[in-house]
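Engineer: mind looking at a prediction? Sequence and model below.
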Amino acid sequence: MGEKRVSLPAKLINGGVAGLVGVTCVFPIDLAKTRLQNQQGIQVYKGMFDCLAKTIRSEGYFGCYRGAAVNLTLVTPEKAIKLAANDVFRQQLSKDGRLPLWGEVLAGCGAGTCQVVVTTPMEMLKIQLQDAGRLGELFTRFNVTSSLVLMKTNLGRVYVDPSAAQRPVAAPAQPAAPGPAPPLVAPPPQTQSSRPQRPSATGITVELLKTRGLTGLYRGAGATLMRDVPFSMIYFPLFANLNALGRESAGGQADVQAQASFWQSFMAGCCAGSVAAVAVTPLDVIKTRLQTLQKGEGEDTYRGILDCTRRIMRREGPSAFLKGATCRALVIAPLFGIAQGVYFLGVGEMVLGLLG
């Protein structure tokens, strides 16, 4: 039995539809993952559920979908390129309908490399929009803390400790000068009137292009490549083997995949996706930190991948590299399960058939 070949337009449609459906389902968890990974000093969120609850309370239900428009716009070409490239590489590397393990890994490597062209600017814009709510929470907490410090400082200037009654006090009843008394701690860099504005994808894109050129949109491209290539090298071979379980055929591995049912493809995608996602979580944390442009009070900025790795290890310990691992597994598992299910259902072929 010969290998079932799918046209490139059908592969692109399959990947695009799968990406749209998957992202719509799991985007709130992805938002929680980004915010948890960016926490450095003050822990605004205790976990995924706490993050989602606070987001809904402060930003409303649709606050959980902040940045979704960017993802929904660019996930179609991203997923289409990833899945289609993997298929193309697999077909080119297979011999007599069979693909050795090294060929599967190499095909996954090629797919991960190709997708970075779209993934990097998509992640760059999405992270800024997703993290804006966390920065707003940090700003509110910093203002409240600063206000309490100012109150205690001002009270200390007027009221004297009873044990110090014999010490001379410099003009205790002196009327306060116009404006707040100088605090003993550094004042916050912003006032309530200068609360950080919600960014927009268009505004971020224009600003990056204006100040840094096209390379601004590709900030963290090395870290993205470092995450996506190993992910694809783990995911695609693992998916292909899980998808072939119990479906051995003399016609070769490609026929086994073509015959797989929706549920087998779905579960194989979920399992392979969750394993690959957790495996590369440390690389995802580094990528997220590097691509976040606006930092909270006292948070580190990084000069590159090695600097980021050293600072995280020194200041937060090894466990920081697994921040958001659960969220990431919960995002990637259904995302790729849906992607592979739709891909093997042949939605692209049906659409092309309807269009004649």
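Structural biologist: Sure thing, it's come through. Numbering: from 1, shown residues only.

Engineer: give me the pLDDT for Ala176.
Structural biologist: Turning to Ala176, the model gives it a pLDDT of 44.

Engineer: what is the neighbour count of Phe262?
Structural biologist: When neighbours are defined as other C-beta atoms under 10 Å, Phe262 has 12 of them. C-beta: built from backbone N, CA, C; applies to glycine.

Engineer: where does the nearest residue to it once chain neighbours are set aside sit, in terms of helix or strand?
Structural biologist: Using C-beta to C-beta, 6 or more residues apart in numbering and skipping residues adjacent in sequence, the residue nearest Phe262 is Gly341, 5.1 Å away. Assigned by DSSP states H and E, Gly341 falls within helix 325-345.

Engineer: quick one: name whatever helix or strand follows that helix.
Structural biologist: Per DSSP H and E, the helix or strand that comes after helix 325-345 is helix 347-354.

Engineer: now do the helix holding Gly341: which elements does it pack against?
Structural biologist: Judged by 3 or more C-beta pairs under 8 Å, 6 or more residues apart in numbering; DSSP states H and E, the packing partners of helix 325-345 are helix 8-38, helix 48-59, helix 68-93, helix 221-243, helix 262-279, helix 281-291.

Engineer: repeat that for 7 Å
Structural biologist: Judged by 3 or more C-beta pairs under 7 Å, 6 or more residues apart in numbering; DSSP states H and E, the packing partners of helix 325-345 are helix 8-38, helix 68-93, helix 262-279, helix 281-291.

Engineer: okay, Leu125 and Val118: tell me how far apart.
Structural biologist: 12 Å (C-beta to C-beta, to the nearest Å).

Engineer: surely Met48 meets Ala329?
Structural biologist: No: between Met48 and Ala329 there is no contact under C-beta atoms under 7 Å: 10.8 Å.

Engineer: where does the stretch 151-300 of the chain dip in pLDDT?
Structural biologist: 151-197, 247-260 (pLDDT under 70).

Engineer: make it 80
Structural biologist: Applying pLDDT under 80 to the stretch 151-300 of the chain flags residues 151-199, 246-262, 297.

Engineer: repeat that for the stretch 1-150 of the chain.
Structural biologist: When residues are selected by pLDDT under 80, those of the stretch 1-150 of the chain lie in 1-8, 11-12, 14-16, 19, 41-42, 76, 79-80, 83, 96-97, 137-150.

Engineer: can you do 50?
Structural biologist: Residue ranges of the stretch 1-150 of the chain with pLDDT under 50: 1-3, 144-150.

Engineer: the closest residue to Val280 other than its chain neighbours: neighbour count?
Structural biologist: If you skip the residues right next to it in sequence, Val280 has Phe231 as its closest partner in space, 4.9 Å away by C-beta to C-beta, 6+ apart. Residue crowding around Phe231 was assessed by other C-beta under 10 Å; the count is 23.

Engineer: equivalent analysis for the one 5 residues further on, please.
Structural biologist: Residues within reach of Phe236, counting by other C-beta under 10 Å, total 27.

Engineer: contacts only, for the residue nearest to it when sequence neighbours are not counted.
Structural biologist: Once flanking residues are discounted, Phe236 sits nearest to Gly108: 3.7 Å by C-beta to C-beta, 6+ apart. Taking C-beta atoms under 7 Å, 6 or more residues apart in numbering, we find Gly108 in contact with 86, 232-233, 235-237.

Engineer: recalculate using a threshold of 6 Å.
Structural biologist: Going by C-beta atoms under 6 Å, 6 or more residues apart in numbering, Gly108 touches 232-233, 236.

Engineer: save those residues as a markdown table, and put in distance to Trp263 too.
Structural biologist: Below are the contacts of Gly108 laid out as a markdown table (distance: C-beta to C-beta, whole Å):
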| residue | distance to Trp263 |
| --- | --- |
| Ser232 | 23 |
| Met233 | 26 |
| Phe236 | 20 |
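
Engineer: between the residues you listed, which sits nearest Val23?
Structural biologist: Ser232 (18.0 Å; C-beta to C-beta).

Engineer: from the contacts of Gly108, which is closest to Gln130?
Structural biologist: For these, the nearest to Gln130 is Ser232 (23.2 Å; C-beta to C-beta).

Engineer: and the closest one, how far from Thr326?
Structural biologist: 22 Å.

Engineer: neighbour count: these two, which is higher?
Structural biologist: Ser232 (25 against 19).

Engineer: list the contacts of the nearest residue to that one once chain neighbours are set aside.
Structural biologist: Distances taken as C-beta to C-beta, 6+ apart place Gly112 nearest to Ser232, at 3.3 Å, with adjacent residues excluded. Residues near Gly112 by C-beta under 6 Å, 6+ apart: 228-229, 232.
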